[in-house]
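> The following comprises the amino acid sequence and a computationally predicted model.
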Amino acid sequence: MKKIVLIEDDSDLFALLKYNLEKEGYSFAGSQTGKGALELCKRERPDLVILDIMLPDSDGLEICKAIRKHPDLANTPVIFLTARATETDRIVGLELGANDYIVKPFFVRELIARIKIQFRGQAQPVRTLKAGGLELDRNACRVFLRGGELTLTATEFRLLEFLMTRPGIVFSREQLLNSVWGHDRAVTDRTVDVYVLRLRQKVETDPTNPLFIRSVRGFGYSFSGSGELVVEPTGESASVAQ
């Protein structure tokens, strides 16, 4: 199931698009303000973003630029949905990285058709990560250790997923907070240590001598599975962790 994030401040249009996108079988998440839009995209990992330009508290062009700069979102299709209709507006939007530019008013069926064009021919994203008996299913949001399923919270899952997709890279606590918890947060560096401890208790055979999540003294944490990390594309699933 493809997931679409909608950033649109018009309440009636937001509700209309939500209804029609879900009717088409898409998973939906959205916001009616620009504040926190990047964090929403980082959290939801959408397959496509529909973005208004003239938001009451933000500039959609700047949000698009931020999406293009983020390593996990850089290739996510973005469709601008806006009342700005001049040729210059269209050119600027496309040059900033939008995949398509639709001017209001518009036909909902046309928007759906353009969304399907963006999905046409897309490579199947990597959904399963494996390392040393540890397996993470990104579609179903499930984690297994040597065949047995582990019970992880949503935050524990996001932290493990972030580290597993970047093996060997050392991240500071601040970097992990920004990437996993987001900038709009009320937590401290100590939170990372607590969650790493919880994860180790679940994924490590010996939490005091971890093989997967290793500490780098004076800096932070790194994922280092025993053996090569294997990534596998899988079929799509509608399961979502709460």
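Looks like it came in fine. Numbers count the residues shown, from 1 in each chain.

> which regions of this structure sit below the pLDDT cut-off?
For the chain, the stretches with pLDDT under 70 are 121-126, 183-185, 225-242.

> can you pull out the helices in it?
Along the chain, counting by DSSP state H, helices occupy 11-23, 37-44, 60-69, 87-95, 108-119, 154-164, 173-176, 189-203.

> Now distance to residue 222 and mean neighbour count too, for these, in JSON lines please.
Heads up, the C-betas are built off the backbone N, CA and C, glycines and all. Below are the helices of the chain laid out as JSON lines (distance: least, CB to CB, whole Å; neighbours: other CB atoms under 10 Å):
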{"stretch": "helix 11-23", "distance to residue 222": "38", "mean neighbour count": "14"}
{"stretch": "helix 37-44", "distance to residue 222": "20", "mean neighbour count": "20"}
{"stretch": "helix 60-69", "distance to residue 222": "23", "mean neighbour count": "18"}
{"stretch": "helix 87-95", "distance to residue 222": "37", "mean neighbour count": "13"}
{"stretch": "helix 108-119", "distance to residue 222": "35", "mean neighbour count": "14"}
{"stretch": "helix 154-164", "distance to residue 222": "7", "mean neighbour count": "20"}
{"stretch": "helix 173-176", "distance to residue 222": "11", "mean neighbour count": "16"}
{"stretch": "helix 189-203", "distance to residue 222": "11", "mean neighbour count": "16"}
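
> To residue 77, which of those lies closest?
The minimum distance between residue 77 and the helices of the chain falls on helix 108-119, with 4.2 Å, by CB to CB.

> how much does the closest one deviate in direction from helix 11-23?
50 degrees (axes from the mean of the first three to the mean of the last three CA atoms, to 10 degrees).

> got the contact list for helix 108-119?
If you take CB atoms under 8 Å, 6 or more residues apart in numbering as the criterion, helix 108-119 is touched by 2, 4, 16-17, 20-21, 24, 26, 47-48, 50, 77, 79, 81, 99-100, 102.

> and with 7 Å instead?
For helix 108-119, the external contacting residues (CB atoms under 7 Å, 6 or more residues apart in numbering) are 2, 16, 20, 24, 48, 77, 79, 99-100, 102.
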